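Trainee: Here is a sequence with its predicted model. Questions after.
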Amino acid sequence: MHNRRIGKLFLAVLLITLVFLTTASQSDAKMGARSADYWIYREGLAGGWYDQSWGTTVNFNNGSPTHAGSRSIALTHSGAWQGFKIGTGTAHASADHSGFEFWIHGGTGGQVLDVVLKDGNDGDNTVARITLTSSGQRVWIDFNDIIVPEMLGGVMLVNTLPNAQPTYYVDDMRFVEGTSGGPVIVNPPPPPTAFYGLSVDLGAPLHTISPDIYGINFGDEALLDSLNATVRRWGGNALTRYNWQLDVSHTASDWYFLNYPSDTDVSQLPNNSSADRYIQANLDTNTQSLITMPTIGWTAKARALDCGFSVAKYGPQQATEPFNPDCGNGIRPDGSLITGVDPHDTSVEVDEQFVVDWITHLKGRFGSANAGGVRYYALDNEPFLWNYTHRDVRPDPVGYDELRDKAYTYGAAIKSADPGAKLFGPALWGA
C-alpha cells in the first residue's frame, strides 16, 4: 500500500514536471524568436534585400577594412546627395526591435552622411547625420529617441556634401532586439530644447493664390478625396522613357532597368492606356493633371520585359531581378559599373514629334487645355540624374546648355500642340 502511494505521488510529480517543462520550452521558444536580431548585412547582404543605390559605387564583397569577419561594404559617392540604398520587398515590424546598429569606417574620413530609415511605402525618415573619421565607429540609433516607422522597408546613407567623397566602409548592419553592447560612438542629435515662435498678422494685405498648389504624385482616388488635392502628377523615373503608344514604362535604376508593359487591352491602344485612365480618373474627381513629357530622346521599344543589363550579354552582376534572373542591376560583383551597353536593348530613339503626337492624342480624347483637358505638362524628370538612373541609354551627364536647348525645343513643341497648356521644369533633380 505504501509503495503504491509513493508510485502515484511520483507519477503526479512527473506529470507536473513535464507540463512545466513543456510550457517553459514553448515560452522560451517564443522569447527566443522575438529576441533574435534582424541582420541586414553580415558577411554579405541578407536574402530578400537588394541594392537600389544611385550615383554610388557599391562593393558588397570588400576585403578590408572590416569590423568582424572577412567582408564589408565599400561605398563611393560620385557627387552631392548621391546615396547608398538597400531595400527589401518584405517590410519588417519596428516594434520587434529597440534600435538600429552598424559599424562604419571613413577611410580617410571627413564624409558627412544622413542616415535614413525607409518605411514600408518607401517613405524617408532621416534619423541622424554623422561625420566619419579615419577609424571605425559604431552607429547606434535608439528607437526610443526617434519617431520610428511602423514598418521598416529599407536603409539609406546619403552624401550631404557638395562633391564626390572618398570611399568609406560599412559592416555588421542589423536591427537589434534588447540592448546592444559596446560604447556608443554616434547617436542621433538630441531633440531641440527650444522652438521658434510664429506670429500671424491678420491685418496684412491679402492676395489670391492658385488652388493648384495642393498636388500629389500618383495616389489613388480615395487619397485625392481625403487630402482634397487639386492636382495629381504623372511622373517619376519610370516615366522618363514611357511609350504612350505601347503603354510601356521603364523602371530604370529603381528596379533593374526593366521595360514594364502595363496591364492593358492592347487592341484598344493607344486609347485606354494607363495614362489615359489616369487622366480620366482625374477628370472624374475634378482634379487637374500634370503629365510628364519624355525629353531624354529614348522610349521603351516593345511590350516585352526587356532589360538594360542582361546577364547573358554583359556578364555576372551583384543582383538580379527576382523573377527575371537575366536582368541585372548593372553592377559587377566587384562593385564596378557595367558600361558600353547597347541602348537598343530596351529602347528606340524619339524626338519632340513623339511628344507632339502624344498631346494630339490627349486632345482628341479629353480636349485641349482650355477646354477641360490636360492643363499642365512637365519637361521630364530629374535630367541631372539620367547618367545614373537611365545610364543604360544615357551614360553621360546632361550639361546646362543641352538642358536649355531641350527646354526650348520640347517646350515649343508642346505649346505648338496645345497653346493653352502650362509648362513645368525642368526640375534638375530632387523635385
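Mentor: Yep, that arrived.

Trainee: Go ahead and confirm residue 418 touches residue 366.
Mentor: No: applying Cβ atoms under 8 Å as the test, residue 418 and residue 366 come out as separate, 10.8 Å apart. (Each C-beta comes from the backbone N, C-alpha and C, glycine too.)

Trainee: Okay, buried residues for stretch 65-78 please.
Mentor: Residues of stretch 65-78 classed as buried by neighbour count (16 or more other Cβ atoms under 10 Å): 66, 67, 71, 72, 73, 74, 75, 76, 77, 78.

Trainee: thinking again about what came up before, higher neighbour count, residue 418 and residue 366?
Mentor: Higher neighbour count among residue 418 and residue 366: residue 418, with 22 against 18, using other Cβ atoms under 10 Å.

Trainee: Give me the buried positions along stretch 146-158.
Mentor: Within stretch 146-158, the residues scored as buried using 16+ other Cβ under 10 Å are 146, 148, 149, 152, 153, 154, 155, 156, 157, 158.

Trainee: Between the two ends of stretch 280-300, how far is it?
Mentor: End-to-end distance for stretch 280-300: 23 Å, by Cα to Cα, to the nearest Å.

Trainee: One more: stretch 45-57?
Mentor: End-to-end distance (Cα to Cα), stretch 45-57: 16 Å.

Trainee: hmm, back to that, which one of the buried residues of stretch 146-158 sits closest to residue 407?
Mentor: Distance to residue 407 across the buried residues of stretch 146-158 (Cβ to Cβ) is lowest for residue 158, with 28.0 Å.

Trainee: and that closest one, bridged to which residues?
Mentor: residue 83, residue 114 (DSSP bridges).

Trainee: where does it sit relative to residue 149, distance-wise?
Mentor: Residue 158 is 17 Å from residue 149, where distance means Cβ to Cβ, to the nearest Å.

Trainee: do residue 198 as well
Mentor: From residue 198 to residue 149 the distance is 28 Å (Cβ to Cβ).

Trainee: circling back to that earlier point, list the residues that contact both of residue 418 and residue 366?
Mentor: 373, 374 (Cβ atoms under 8 Å, 6 or more residues apart in numbering).

Trainee: farthest-separated two in the buried residues of stretch 146-158?
Mentor: Maximum pairwise distance among those (Cβ to Cβ): 18.5 Å, between 148 and 158.

Trainee: what's the spacing between the residue lying closest to residue 62 once chain neighbours are set aside and residue 105?
Mentor: Among residues not flanking residue 62 along the chain, residue 74 sits closest, at 3.8 Å (Cβ to Cβ, 6 or more residues apart in numbering). Distance, residue 74 to residue 105, using Cβ to Cβ: 10 Å.

Trainee: do the same with residue 265
Mentor: Residue 265 is 55 Å from residue 105, by Cβ to Cβ.

Trainee: Settle it for me: which of those two has more neighbours?
Mentor: Per other Cβ under 10 Å, whichever of residue 265 and residue 105 has more neighbours is residue 105, with 22 against 10.

Trainee: Can you name the residues that contact that one?
Mentor: By Cβ under 8 Å, 6+ apart, the neighbours of residue 105 are 65, 67, 72, 132, 135, 136, 137, 168, 169, 171.

Trainee: same thing but 10 Å
Mentor: 64-67, 72, 74, 132-137, 167-171 (Cβ atoms under 10 Å, 6 or more residues apart in numbering).

Trainee: Quick check: it vs residue 219, distance?
Mentor: 41 Å.

Trainee: swap in residue 377?
Mentor: Per Cβ to Cβ, residue 377 is found 19 Å from residue 219.

Trainee: Comparing the two, which residue is more hemmed in?
Mentor: Higher neighbour count among residue 377 and residue 219: residue 377, with 27 against 15, using other Cβ under 10 Å.

Trainee: and that one, which of the three is it?
Mentor: Using DSSP: H, G, I helix; E, B strand; the rest coil, the structure places residue 377 in strand.

Trainee: where exactly do the strands run in the stretch 151-300 of the chain?
Mentor: Along the stretch 151-300 of the chain, counting by DSSP state E, counting those that start in this stretch, strands occupy 151-159, 168-176, 215-217, 231-234, 248-250, 259-261, 288-293, 298-300.

Trainee: and the ones you listed, which is most packed in?
Mentor: Highest mean neighbour count of these: strand 248-250, a mean of 26 (counted as mean count of other Cβ atoms under 10 Å).

Trainee: How far does that strand sit from its chain's centre?
Mentor: Distance of strand 248-250 from its chain centroid, counting by Cα atoms, centre = their mean, to the nearest Å, is 17 Å.

Trainee: Which residues outside that strand are in contact with it?
Mentor: Residues from elsewhere that reach strand 248-250, judged by Cβ under 10 Å, 6+ apart: 236-243, 257-262, 264, 273-275, 294, 296, 298-308, 346-347, 390, 392-393.

Trainee: Is there a quick PyMOL command that grabs whichever of these are buried?
Mentor: To isolate the buried ones among the contacts of strand 248-250 in PyMOL, judged by 16+ other Cβ under 10 Å, type:
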select buried, resi 236+237+238+239+240+241+242+243+257+258+259+260+261+262+264+273+274+275+294+296+298+299+300+301+303+305+306+307+308+346+347+390+392+393
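
Trainee: Check the residue lying closest to residue 51 once chain neighbours are set aside and give its pLDDT.
Mentor: Excluding its sequence neighbours, the residue lying closest to residue 51 (Cβ to Cβ, 6+ apart) is residue 319, at 5.3 Å. pLDDT, residue 319: 88.
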